[in-house]
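Engineer: Need a 3D model of the following:
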Amino acid sequence: MLRTDCLRSIYSELEKCLVVTIMGAVATELQSLGHSPNFFYLQHAMGPRLLHRLGPRSSACPVKKVVVFDGDGSLLMNLGTLSTLARYKPKNLVHVVF
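Structural biologist: Sure, this is the predicted structure:
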């Protein structure tokens with residue numbers, strides 16, 4: 001399955017979530033399906049998105065699901081993110097790695 005097809009298949013569910021993407025293709029492909037005000041396209045940065053993941057969850061909308069679309073290289077740039085997420089166990093965070 002192509003990444004665009006994956007994003008298209010879940011697009012209608014994303015309307016209810018806060019969505020954060022990494023730079024590059026994921027952001028471009030999601031935006032090509034249609035922009036929504038709850039989508040945040042993190043441009044020109046790879047790796048350090050922990051604050052973008054936990055920030056919206058804890059301060060703005062603790063009951064709203066936060067979906068982060070990530071890439072393998074971006075995740076490898078900040079592996080400490082995984083241990084931090086394991087420590088805090090945010091119940092409303094979905095982390096998708098392509």
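
Engineer: can you pull out the helices in the protein?
Structural biologist: Applying DSSP state H to the chain gives helices spanning 3-14, 25-33, 50-55, 72-76, 80-88.

Engineer: Now the weakest link among those helices, please, by mean pLDDT.
Structural biologist: Mean pLDDT is lowest for helix 50-55 among the helices of the chain, at a mean of 56.

Engineer: need the helices of the chain in CSV with distance to residue 98, can you?
Structural biologist: No exception for glycine: its C-beta is placed from N, CA and C like everyone else's. CSV is the format used below for these (distance: least, CB to CB, whole Å):
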stretch, distance to residue 98
helix 3-14, 5
helix 25-33, 6
helix 50-55, 16
helix 72-76, 7
helix 80-88, 16
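
Engineer: For residue 66, find the nearest of the ones you listed.
Structural biologist: When these are compared by CB to CB, helix 50-55 sits nearest residue 66, at 6.4 Å.

Engineer: Could I get the pLDDT score of the residue nearest to the spatial centre of the chain?
Structural biologist: In the chain, the residue lying closest to the centroid (CA atoms, centre = their mean) is residue 68, at 1.3 Å. At residue 68, the model reports a pLDDT of 87.

Engineer: Now render the helices of the chain as a markdown table, adding distance to residue 42 and mean neighbour count.
Structural biologist: Shown next, in a markdown table, are the helices of the chain (distance: least, CB to CB, whole Å; neighbours: other CB atoms under 10 Å):
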| stretch | distance to residue 42 | mean neighbour count |
| --- | --- | --- |
| helix 3-14 | 16 | 13 |
| helix 25-33 | 7 | 16 |
| helix 50-55 | 6 | 16 |
| helix 72-76 | 9 | 14 |
| helix 80-88 | 13 | 12 |
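
Engineer: out of these, nearest to residue 97?
Structural biologist: Comparison of the helices of the chain against residue 97 by CB to CB identifies helix 72-76 as nearest, at 5.5 Å.

Engineer: In CSV, could you pull the C-alpha coordinates for that closest one?
Structural biologist: Extracted as CSV, the C-alpha positions of helix 72-76 are listed here (Å, rounded to 0.1, in the frame of the first residue of the first chain):
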residue,chain,number,x,y,z
ASP,A,72,11.6,6.1,10.1
GLY,A,73,14.5,8.4,9.7
SER,A,74,12.9,11.2,11.7
LEU,A,75,12.2,8.8,14.5
LEU,A,76,15.8,7.5,14.5
